[in-house]
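Undergrad: The sequence and its predicted three-dimensional model are supplied below.
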Amino acid sequence: MDFCMAQIFFNFNALIMIMKDILKALGLNEINDGCSTGQNWFAAGNTFDSYSPVDGKLIAQVKGATRADYDKVINAAKEAFLFWREMPAPKRGEIVRQFGQKLRDKKMNSANLFHTKWENLCRRVWVKYRK
């Protein structure tokens, strides 16, 4: 099994494909908006690149905020606060719990996806090695 792991670590293209599949499962694209009101994603600013520490290849890009984007987010936050503070505490707690559950579900889905793809890659390398 040590040979398998060594082969996988040197197979950067396969690792990059696994990473791209995970990003896609999380709903991320090659270019992503960097601002959100909680309901809408947008951005009109400069684009920033994110590179893999493994091989230096581009993973994705994020569009930054302009002053107008920032103002839109702040105004939406002010409106949301006025609504949120009027909601009874138990209902707010339930919303926070549901949000946390959605994050945990995404985390598990990503972990399962990574495990499945990693296992398949390891199996393919092991089959090649045995031949």
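TA: Arrived safely.
Undergrad: show me where the protein has strands.
TA: 31-33, 35-36, 41-42, 47-51, 58-63 (DSSP state E).
Undergrad: between those, which gets nearest to residue 82?
TA: Ranking the strands of the chain by proximity to residue 82 (C-beta to C-beta) places strand 35-36 first, at 18.8 Å. In this view, the C-beta of every residue, glycine as well, is placed from N, C-alpha and C.
Undergrad: for the chain, what are the low-confidence residue spans?
TA: 1-16, 54, 108-131 (pLDDT under 70).
Undergrad: quick one, helices of it?
TA: 2-10, 12-25, 67-86, 89-130 (DSSP state H).
Undergrad: Compare the strands of the chain and report which one is nearest to residue 100.
TA: Nearest of these (C-beta to C-beta): strand 35-36, 17.8 Å.
Undergrad: Partner strands of the closest one and their direction?
TA: strand 41-42 (antiparallel) (DSSP bridges).
Undergrad: which residues touch the strand it pairs with?
TA: By C-beta atoms under 8 Å, 6 or more residues apart in numbering, the residues outside strand 41-42 that reach it are 32, 33, 35, 36, 69, 72.
Undergrad: which of those residues sit farthest apart?
TA: The span of the contacts of strand 41-42, defined through C-beta to C-beta, is set by 32 and 72 at 17.1 Å.
Undergrad: Provide the partner residues of residue 32 in its beta bridges.
TA: residue 62.
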